[in-house]
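Visitor: sequence? don't have it. structure:
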């Protein structure tokens with residue numbers, strides 16, 4: 001198993017590469033707006049990794065993932081199953097903010113996804129929870145689960161056993177916490193789905 005120092009060093013290397021990713025279509029927008037790339041935050045030995053879509057403006061201004069209203073909702077959901085942000089690792093598939101908080105384009109996902117792949121290999125989580133459909137649509141085929149992929153409305157809160165280079169991983173698709181900000185009934189749905197994480201964690 002890699003030491004904490006080695007993991008930190010390898011994650012810093014990813015940070016430096018993304019920082020200097022001048023061939024990204026989002027690089028100029030980042031520089032012009034004095035934004036930061038958002039690499040990830042949390043325990044480098046986390047058993048659970050949460051993967052969202054792309055940073056919003058607050059995230060890009062601070063360099064921290066999920067630090068706005070959706071982040072507060074995520075913190076509340078974590079607390080509902082007895083976890084703190086420091087217990088898990090949180091990141092996004094796209095590391096730079098798309099203009100106007102638009103959805104990431106396929107070519108942006110393709111460019112940034114290899115950095116996510118490396119983060120997964122370094123941290124080696126036992127559970128990966130996707131937040132929203134973009135990370136879900138990427139990770140299902142990436143973890144040898146392409147045949148199980150359906151719309152998020154059909155998959156949220158279910159668990160699947162995927163394959164990685166370091167062994168099996170439980171993949172749990174979830175709605176993005178932001179949906180609960182616009183639709184109050186989704187808060188209960190998310191709370192119920194988070195219980196699946198709690199149950200899975202207790203069995204690992």
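Guide: Perfect, thanks for sending it. Just so we're clear, the structure is a prediction, and the values are computed from it rather than from any experiment.
Visitor: from here on, contacts and neighbour counts on C-alpha atoms
Guide: Will do.
Visitor: so how far is residue 134 from residue 37?
Guide: Counting by CA to CA, to the nearest Å, the gap from residue 37 to residue 134 is 18 Å.
Visitor: neighbour count winner among these two?
Guide: Set residue 37 next to residue 134 and count neighbours by other CA atoms under 10 Å: residue 37 wins out with 29 against 22.
Visitor: the more buried one contacts residue 96, correct?
Guide: Yes: counting by CA atoms under 8 Å, residue 37 does reach residue 96; the two are 4.9 Å apart.
Visitor: who touches both of these two?
Guide: 30, 60 (CA atoms under 8 Å, 6 or more residues apart in numbering).
Visitor: what are the contacting residues of stretch 185-203?
Guide: With contacts defined as CA under 8 Å, 6+ apart, stretch 185-203 is touched by 77-78, 80-81, 127, 156-159, 172, 174-175, 177, 179-180.
Visitor: tell me the buried residues in the helix or strand bottoming out on mean pLDDT in the chain?
Guide: Every helix and strand of the chain was ranked by mean pLDDT, DSSP states H and E. The lowest is helix 179-182, at a mean of 91. For helix 179-182, a neighbour-count test (16 or more other CA atoms under 10 Å) marks 179-180 as buried.
Visitor: who are the contact partners of residue 128?
Guide: 48-51, 169-172.
Visitor: buried sites along stretch 150-165?
Guide: For stretch 150-165, by 16+ other CA under 10 Å, it's 152, 155-157, 159-160, 162-163.
Visitor: possible to save the residues you listed as a markdown table with secondary structure and pLDDT?
Guide: Shown next, in a markdown table, are the buried residues of stretch 150-165 (DSSP: H, G, I helix; E, B strand; the rest coil; pLDDT from 0 to 100):
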| residue | secondary structure | pLDDT |
| --- | --- | --- |
| 152 | helix | 96 |
| 155 | helix | 98 |
| 156 | coil | 98 |
| 157 | coil | 97 |
| 159 | coil | 97 |
| 160 | strand | 98 |
| 162 | strand | 98 |
| 163 | strand | 97 |
